[in-house]
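Novice: Any chance you could fold what I've pasted below:
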Amino acid sequence: MTGDGTGSRMHTGGANPMPVDEAALRSLVAKAVAADAEAWEHLYRRSYPRLFAYARRRLSSDTAADDAVSETMLRALDRISGFTWQGAGFDAWLYGILRNVVLEAYRTDGRVTPTGTLPEQLDNGATGPLDTLVRRDDHDQVRAAFRCLSSDDQEVLELRVVAGLSADGVAEATGRGAGAVRMAQSRAIQRLRGHYEGLGRAD
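Specialist: Numbering: from 1, shown residues only. Down below sits the predicted model:
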């Protein structure tokens with residue numbers, strides 16, 4: 001990170017964050033509020049992989065995604081004094097900022113460019129109701145089914161499975177109700193399964 005407490009451009013590889021338990025995260029955030037540069041460095045390195053993965057799937061290049069994450073952390077640095085734990089937590093707060101940054105990039109570019117590819121986490125051992133699909137031998141067909149989903153369906157699955165946010169966290173990040181998020185997730189999974197089975201019948 002640079003001397004102003006924001007992240008320098010780098011790729012940390014993969015989309016798994018540096019492990020930090022809840023108590024340690026709260027401690028880091030408290031130090032970040034107090035302008036502790038080392039705490040910001042740790043938060044940046046912890047958050048970068050998943051934030052980058054989310055942005056990269058929606059923007060046209062690695063550079064654009066990296067810029068979006070950097071802008072997100074700059075805004076987080078500027079707003080951290082107003083952050084509270086009354087919402088869905090620090091990660092949901094960050095994703096809410098990143099989502100706005102990405103939407104601004106869409107408006108600037110005049111287009112939307114999500115890749116529509118299956119997130120690595122869905123391809124390599126997701127848990128819950130996605131298991132039956134993602135553990136199939138024909139991962140190409142699962143990827144093709146994922147591309148058939150709307151951008152809203154893709155986003156809710158990414159935020160729940162890839163980002164690891166709770167339904168409350170996704171609700172906070174997207175400005176929706178938690179109940180609506182749970183319903184959207186259920187419907188997205190049903191549509192994913194339907195697309196998968198439809199592709200199988202087409203073969």
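Novice: C-alpha only now, for contacts and for neighbours.
Specialist: Will do.
Novice: how near is the closest residue to residue 96 other than its chain neighbours to residue 167?
Specialist: Closest residue in space to residue 96, ignoring its immediate chain neighbours: residue 173 at 3.8 Å, by C-alpha to C-alpha, 6 or more residues apart in numbering. In this view, residue 173 and residue 167 are 10 Å apart by C-alpha to C-alpha, to the nearest Å.
Novice: can you list the weak-confidence ranges in this structure?
Specialist: In the predicted model of the chain, residues 1-20, 109-139, 162, 200-203 satisfy pLDDT under 70.
Novice: And the helix or strand where residue 50 lies, what does it pack against?
Specialist: When elements are assigned from DSSP states H and E, residue 50 belongs to helix 37-56. If you count contacts as 3 or more C-alpha pairs under 8 Å, 6 or more residues apart in numbering; DSSP states H and E, helix 37-56 packs onto helix 22-33, helix 62-79, helix 90-109.
Novice: Any chance of a markdown table for those, columns mean neighbour count and distance to residue 144?
Specialist: Below are those laid out as a markdown table (neighbours: other C-alpha atoms under 10 Å; distance: least, C-alpha to C-alpha, whole Å):
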| stretch | mean neighbour count | distance to residue 144 |
| --- | --- | --- |
| helix 22-33 | 16 | 36 |
| helix 62-79 | 19 | 23 |
| helix 90-109 | 18 | 24 |
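Novice: Switch those helices over to TSV, and while doing so, append distance to residue 50 to every line.
Specialist: Shown next, in TSV, are the helices and strands packed on helix 37-56 (distance: least, C-alpha to C-alpha, whole Å):
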stretch	distance to residue 50
helix 22-33	16
helix 62-79	10
helix 90-109	10
